[in-house]
Structure formats: C-alpha cells, structure tokens
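A.B. asks: Quick one: sequence plus predicted model below, questions after.
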Amino acid sequence: MEVTNKYIVIKHHIEDSPKESHFEVKTEAIGLSLKPGSDEVIIKNLYISIDPYLINRMKSYSASHNAISFATPLTPGQAIDALVIGRVVTSGNAKFEKDDLVMGVFTWAEYSVVKEQSIIKKLESFEFPLTYHLGILGFSGLSAYGGFFEICKPRKGETVFVSAASGSVGNIVGQYAKLLGCYVVGCAGSQKKVTLLKEELGFDDAFNYKEETDLNSTFKRYFPDGIDIYFDNVGGEMLEAAVANMKAFGRVSVCGVISEYTDIGKRASPHMMDVVYKRITIRGFLAADYMNVFGDFSAKTLDYLRNGQLRVIEDRSLGVESIPSAFVGLFNGDNVGKKVVVLADE
Ligand SMILES: NC(=O)c1ccc[n+]([C@@H]2O[C@H](COP(=O)([O-])OP(=O)(O)OC[C@H]3O[C@@H](n4cnc5c(N)ncnc54)[C@H](OP(=O)(O)O)[C@@H]3O)[C@@H](O)[C@H]2O)c1
C-alpha cells in the first residue's frame with residue numbers, strides 16, 4: 001500500500017524571526033511495506049514536539065551547530081528532524097513490531113522512515129497522556145530539573161526568578177521551586193499569562209515584561225533584598241538586569257536565550273564587576289548533560305503528578321499544516337506551556 005506523506009521544509013535558511021512564509025508543505029508517495037532485508041522502521045507520527053532551539057539549526061551559521069549532534073544545521077528543502085511520538089506501521093527491525101508506540105528523532109511529517117538509532121525508546125501504556133513524554137516527563141522537565149536542582153542547588157526560602165515562566169520549561173521550574181518552599185516570581189509576555197502564573201501555578205508574583213520600561217526598577221520592586229537564583233530562558237536585557245539584582249553567591253542557570261536567537265545583534269553583557277564582587281555563578285547547560293539524573297527526575301516528577309502537586313500545561317495544534325504557525329508562534333509568545341502538534345489519533 002502507498003500513502004501520500006506531507007512533510008515540512010524550510011525554503012531557505014532563516015537568519016532572524018521565522019515567518020510562516022519561510023516554510024513549505026511538501027508531499028511524497030511512500031510505500032508502507034519494506035523491501036526484503038530492509039532494517040528500517042516506518043512510523044505514523046502522532047505527536048510532534050515544537051521547540052525553539054530548531055531556529056538555530058535553520059540558520060546558515062550558528063555557534064550551536066558544532067556543539068552537539070542534535071544541533072547540526074538543517075538543509076533547505078529537506079525534512080526537518082525533531083522529537084516525535086509515533087506508532088510503528090511496518091518494521092524490518094526485530095526489536096520493533098507493528099503498533100508499537102515509540103519516541104525518537106523523526107521528522108516534521110505525517111510518516112517517517114527511520115533506522116533503529118533514531119528511536120530513543122518504546123513507550124509502554126501509561127496513566128498520563130502520551131504527550132507528557134515530550135514535555136513534563138521529557139526534555140522540558142529534564143531541563144527544568146537539571147538546570148534548577150543540579151546547577152542552582154536551591155534551598156528552601158531562597159528567592160527565585162524565572163523568565164518565559166509560562167512556557168514549557170519555565171512553568172515547571174517555577175512549580176518545582178514552589179514545592180521546595182522558595183519565593184518565586186516569573187515574567188511572561190501577556191496579562192493572561194501573568195494571571196495563570198499567579199492564580200493557577202502558585203507563583204508568589206509575576207509581571208508582564210512587555211509593560212516594564214526599566215527592568216532594574218522592576219527587579220527592585222519584586223526582589224527588594226535581591227535574587228538568589230535566576231533561571232534564564234531569554235538572555236538579552238533580562239539577563240543583564242537580573243545579574244545586576246542578584247544577591248552575593250547568586251546562581252544563574254542559563255537554559256536558553258530565545259530573545260537572542262532571532263536578533264543577530266543582541267548579546268547580553270552582564271556587568272562582570274557584579275559577577276566578581278557578588279561571586280555570582282552563571283552556567284549554561286543542555287538537557288542531555290543530565291541524563292545521569294533522568295531516573296531521579298522521572299521518579300520525583302511522577303510522584304508529584306500522581307499526588308496532584310504539579311499542573312501540566314500543554315498547547316496543542318492540529319495537523320501537519322499547523323507546524324509552521326506552531327513554531328513561529330513560539331517566538332511571538334503565542335503558546336502557553338508545552339507546544340505540541342497532534343497529527344493523528346492514537
Ligand atoms: N538547554 C536546554 O537543553 C534546553 C532545553 C529546552 C529548552 N531550552 C531553551 O529554554 C527556553 C524555553 O524553551 P521552551 O521549550 O520552554 O519554550 P517556551 O517557553 O514554551 O516557548 C517560548 C516562549 O519564549 C517567550 N519568548 C519568545 N520570544 C521572546 C523574546 N524575544 N523575549 C522574551 N521572551 C520571549 C514566549 O513567551 P512570552 O509570552 O513570555 O514572551 C514564548 O512563549 C528557550 O530559550 C529554549 O531554547 C533549552
């Protein structure tokens with residue numbers, strides 16, 4: 001049997017803010033049976049994780065390209081690989097059978113034809129929605145856990161600031177910090193998101209950074225005695241102002257710098273005298289650095305979920321054609337929580 005497979009490509013490299021017109025939906029015919037002796041696996045994609053880091057792979061040059069295998073540059077016109085959950089349709093590999101649910105690095109497409117090394121794991125039946133493997137129990141959660149607990153070594157009562165706090169990683173960091181007994185303030189790009197942080201996610205306070213004209217005085221207002229921990233998702237002037245308002249021995253965990261991804265001229269330049277005299281630690285990380293604590297992260301987070309102590313926020317779009325707008329929306333603040341595109345019924 002043959003099907004028409006729709007997949008998304010970039011038309012050319014993207015050097016600044018992504019637009020839907022930078023993308024194209026392509027179609028191809030693929031057979032759902034394999035040639036004798038093939039070790040490939042054909043997967044019907046169900047859920048695609050939409051992640052900001054891909055913008056750096058879409059550039060002709062980015063400092064990230066040589067850092068790690070999953071940051072390699074994308075080629076215009078070719079399928080875009082990303083984290084996906086799907087169901088096996090046909091398997092030439094003895095480890096996988098028809099109807100197995102799998103998660104791996106597949107493509108922004110309805111179907112993906114992959115080799116074993118692209119499959120990260122088989123998914124067993126599960127008490128929570130499968131999409132949790134892409135967000136709270138996946139790399140978003142691991143980034144929040146590793147970046148907050150392993151880098152910042154937080155203590156009860158400390159003051160914590162989180163940027164992009166209603167996003168996939170940020171909302172989890174804020175909730176972990178509250179569960180530990182920290183004082184937590186988040187920022188986000190709309191009043192609706194600020195209300196969500198304060199009224200549904202338990203943040204002590206929150207502000208809309210787009211309405212603040214002087215971030216230094218904003219921080220003085222929310223942290224009169226200074227910040228112990230800053231979990232940075234955005235970089236730029238937010239990082240500069242946060243560093244200026246850190247306490248002695250403050251820790252900054254740099255998860256991402258989304259405001260710099262789409263503005264080639266933007267660079268945070270924190271005042272290094274503050275860093276020296278206040279003995280501030282600023283440390284970047286990649287989620288993959290914390291695979292060694294995946295077991296602890298997963299067990300603790302599952303406990304919190306089972307006890308109803310963590311809220312999960314997902315933002316879903318439907319259909320392969322919605323992938324470009326879902327991705328572009330990350331850079332306009334359209335999403336609330338983990339952005340996922342749903343391609344087919346389980
Ligand atoms: N180190 C790692 O391994 C790792 C893993 C996952 C993610 N990350 C990074 O962590 C950050 C958050 O990722 P995520 O997956 O959780 O995405 P996300 O926060 O769910 O979505 C991105 C959010 O960033 C905010 N944003 C967009 N442009 C901005 C700008 N110019 N200035 C300030 N805020 C902006 C928007 O919210 P507002 O409405 O608040 O503007 C948007 O909703 C990103 O920088 C990402 O690259 C790193």
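C.D. replies: The structure has been received and is ready for your questions.
A.B. asks: Around the ligand, which positions in the stretch 151-300 of the chain sit nearby?
C.D. replies: Proximity of the stretch 151-300 of the chain to the ligand (Cβ under 6 Å from any ligand atom) is limited to residues 164, 166-170, 188-190, 193, 233-234, 255-256, 258-259, 285-287. No exception for glycine: its C-beta is placed from N, CA and C like everyone else's.
A.B. asks: Are any of these buried, and if so which?
C.D. replies: When neighbours are counted using 16 or more other Cβ atoms under 10 Å, those contain these buried positions: 164, 166-170, 188-189, 193, 233-234, 255-256, 258-259, 286-287.
A.B. asks: Show me these that map onto helices.
C.D. replies: Those of these mapping onto helices are 168-170, 193, 258-259, per DSSP state H.
A.B. asks: now the strands for the stretch 151-300 of the chain?
C.D. replies: 159-162, 183-188, 205-208, 227-232, 246-254, 281-284 (DSSP state E, counting those that start in this stretch).
A.B. asks: ok, now the stretch 1-150 of the chain?
C.D. replies: All strands of the stretch 1-150 of the chain, identified by DSSP E, counting those that start in this stretch, fall at 2-10, 23-31, 41-49, 81-91, 101-107, 111-114, 119-123.
A.B. asks: Can you list the strands that the last one pairs with?
C.D. replies: Strand 119-123 has its sheet partners listed here by DSSP bridges as strand 101-107 (antiparallel).
A.B. asks: Also the second one?
C.D. replies: Paired strands of strand 23-31, with direction, are strand 2-10 (antiparallel) (DSSP bridges).
A.B. asks: who touches the partner strand?
C.D. replies: With Cβ atoms under 8 Å, 6 or more residues apart in numbering as the test, strand 2-10 has contacts from 22-32, 58, 74, 76-80, 107-111, 320-321, 323-324.
A.B. asks: Pull out the buried members of those.
C.D. replies: 22-23, 30, 58, 74, 79-80, 107-111, 320, 323-324.
A.B. asks: Could you check which residue of the stretch 201-346 of the chain lies nearest the ligand?
C.D. replies: Gly256 (2.0 Å; Cβ to the nearest ligand atom).
A.B. asks: which ones are touching that residue?
C.D. replies: Contacts of Gly256 (Cβ under 8 Å, 6+ apart): 52-53, 164, 169, 232-235.
A.B. asks: can I get these in CSV with distance to Arg279?
C.D. replies: Below are the contacts of Gly256 laid out as CSV (distance: Cβ to Cβ, whole Å):
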residue, distance to Arg279
Pro52, 31
Tyr53, 30
Ala164, 26
Val169, 26
Asp232, 18
Asn233, 24
Val234, 24
Gly235, 22
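A.B. asks: so which of the buried ones among the contacts of strand 2-10 comes closest to Thr131?
C.D. replies: For the buried ones among the contacts of strand 2-10, the minimum distance to Thr131 (Cβ to Cβ) is 15.2 Å, reached by Ile323.
A.B. asks: Which residues does the strand or helix carrying Ser325 contact?
C.D. replies: Ser325 belongs to helix 323-330 when assigned by DSSP states H and E. Contact partners of helix 323-330, identified using Cβ under 8 Å, 6+ apart, comprise 8, 18-20, 22-23, 48, 50-52, 54, 108, 258, 317, 335, 339, 341.
A.B. asks: was I right about Ser168 contacting Gly337?
C.D. replies: Yes - counting by Cβ atoms under 8 Å, Ser168 touches Gly337, with 6.0 Å between them.
A.B. asks: so what sits against both of the two?
C.D. replies: Gly135.
A.B. asks: residue furthest from the geometric center of this protein?
C.D. replies: Pro36 (38.8 Å; Cα atoms, centre = their mean).
A.B. asks: Tell me the spacing between that one and Val3.
C.D. replies: Note on Pro36: its distance to Val3, by Cβ to Cβ, to the nearest Å, is 20 Å.
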